[in-house]
Structure formats: C-alpha cells, structure tokens
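*Asks:* Let me see the structure of the following:
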Amino acid sequence: MRFVKGHGTENDFVILPDLDGALELTPEAVVRLCDRRAGIGADGVLRVVRTKAMDSGATGGLDGAEWFMDYRNADGSIAEMCGNGVRVFARYLVDSGLAAPGEWDIATRGGLKRVTLGPSGDVSVDMGAPVPLGPGEASLAGAVFHGERVSMGNPHLACHVDGPVAALDLSRAPDFDPQAFPEGVNVEFYRPVGDRHLEMRVYERGSGETRSCGTGTVAAAVAAAGGAAGPGEWTVDVLGGRLTVTLDGRTSHLRGPAVLVAEGETRPGWI
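*Replies:* Presented below is the predicted three-dimensional model:
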C-alpha cells in the first residue's frame, strides 16, 4: 500500500492514493495505519479516489468534481468533512501532478469544497455556510462550559473559556448531551486574545485531542461572533500553528498551510 504523510497545522494524515477505487479500506486497517506506536501515525486517513469510481450513495451524486476525499477518523469511523484534511488533499493532488494549481472543487461527504492554491504555499478552501444551531454545553473535569452548536457539514460545539486554553485537561473526552449530538461531536474550547483573534483547543470525535481542526476553527469563529456568520476575518491559534477564517455573511473560508513530509510503502502482509 503506497502512502504519503502530510499535515495542516500539525493535524496529520496518512494519504492513500487509490485513484480507481480498488482498495478495500477497512476500519481495522485505518486504525493500524493511524497507530502512533505500531503504525505510521495520524489523526486520520485521506483516501484519494476519482469521484466516478465511488458509489453514488457515498458521494451523494457529487459528480461536479474529479476527485473525492474519502476521510476516515483514527478510530476507523467515517467523517463527513475535515478542513485541514481537504487542504492537505488538495496539496497532494497538485504535488503529484493530478491537478494543476488554481481553483477547483473537491467532493466530500459534506458537499463540494472549492480550493484555491498555487504550486506551493498556503491553501484556501471555501468551507460553505456555517449553520448555527443554538446553545449547548459540555462538561470537563466537573466544570460546565457553555457554547454554540454549529454544523460545518459535521457537528461542532464551540465553548467559550475565560482562562488560557492550555490549562484544560483534554486527556479524556468532554461529556455532552447525546440527544443533542446523536452522532457525536467535535468540542472546541476557545478564548479571545485580541480583536477577532482566538486561541483554541479541540477534542475531535473519533480521534481525541488533535493539534488542529479546520472545521472547528470556523465553528469557534462563528461562536465568538455571537452565533452569526457575519462579515469579518478571524485569526485562530491552535496547538499546531495559525489559521485564518473569513466569514462574509454567506459562506466561510479557511486558509492555512498544507505540508507533505514523507512517502513510502507499507510492508507486504502488514495490513
């Protein structure tokens, strides 16, 4: 199995080129690939496949893009979208010669995502319209945090904290109302540190605490804006670096680095 390793603000992925959809990617294989001690190590897997090679039920009939990002969490579960992942996915397509620099769509389970990138440097992606869903709350180590429920094609609960986010213990999953989030939720904890400037940590469903979460940064910006996706540019500092979120009242854009660091093959019979 050929692979490439990449990351977006240290939210890291194993990229599997499977252009014609021949690979049977089981949850068990994903778990082994993402294992940081016995595998390659990653927060998730990005399978690169032509949209026409995917089952129409998986793509939702998204035939307007040549490439489909089949994203899996580190526990093997399927996720709708990943903001850092789609930027790394786009960088891989350009780096490998499968797409030219410019502006084009990538199909995901969360819909078509338009990316803009050059031959090197940051990648920008149109993340779509955030959908504020009202207040929610999470608890961590006995403390209750109030936040805003936001859908970015995947579920988020962005919670405001008063003190530094570095003080939070995210070694275990925050508790939340399963009736509000029957499919689980990504929980962000953010604190304003300046004008339209946030610091954030995140616990992702299926992966645990990660160094960054692209859709989560957008959700945090929406929550900090009072639950409205009104116009403005936000800077969000995560453990793995810095991302820029732009809200224009219609859609949202996420801009940040996407870096490819290694490539290779798994040993025969290992997976």
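*Asks:* Please count neighbours and contacts with C-alpha atoms only from this point.
*Replies:* OK.
*Asks:* The closest residue to Leu19 other than its chain neighbours: neighbouring residues, count only.
*Replies:* In space, and not counting its chain neighbours, Leu19 is closest to Val49: 4.2 Å by Cα to Cα, 6 or more residues apart in numbering. Applying other Cα atoms under 10 Å, we find 22 residues neighbouring Val49.
*Asks:* Only alpha carbons, please: show the helix or strand hosting Val49 as PDB.
*Replies:* Assigned by DSSP states H and E, Val49 falls within strand 44-50. Extracted in PDB, the C-alpha atoms of strand 44-50 (Å, rounded to 0.1, in the frame of the first residue of the first chain):
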ATOM      1  CA  GLY A  44      -7.000  10.300  10.100                       C
ATOM      2  CA  VAL A  45      -6.700   8.800   6.700                       C
ATOM      3  CA  LEU A  46      -7.400  10.600   3.400                       C
ATOM      4  CA  ARG A  47      -8.100   8.100   0.500                       C
ATOM      5  CA  VAL A  48      -7.600   9.800  -2.900                       C
ATOM      6  CA  VAL A  49     -10.100   8.400  -5.300                       C
ATOM      7  CA  ARG A  50     -11.800   9.500  -8.600                       C
END
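*Asks:* for that strand, packing partners?
*Replies:* strand 11-17, helix 27-34, strand 67-73, helix 83-95 (3 or more Cα pairs under 8 Å, 6 or more residues apart in numbering; DSSP states H and E).
*Asks:* Output these as JSON lines; include the columns mean neighbour count, distance to Glu209 and mean pLDDT.
*Replies:* Below are the helices and strands packed on strand 44-50 laid out as JSON lines (neighbours: other Cα atoms under 10 Å; distance: least, Cα to Cα, whole Å; pLDDT from 0 to 100):
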{"stretch": "strand 11-17", "mean neighbour count": "25", "distance to Glu209": "10", "mean pLDDT": "98"}
{"stretch": "helix 27-34", "mean neighbour count": "20", "distance to Glu209": "14", "mean pLDDT": "98"}
{"stretch": "strand 67-73", "mean neighbour count": "26", "distance to Glu209": "12", "mean pLDDT": "97"}
{"stretch": "helix 83-95", "mean neighbour count": "25", "distance to Glu209": "15", "mean pLDDT": "97"}
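*Asks:* Tabulate these in CSV, adding columns for distance to Gly216.
*Replies:* As requested, these are exported to CSV (distance: least, Cα to Cα, whole Å):
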stretch, distance to Gly216
strand 11-17, 12
helix 27-34, 21
strand 67-73, 15
helix 83-95, 8
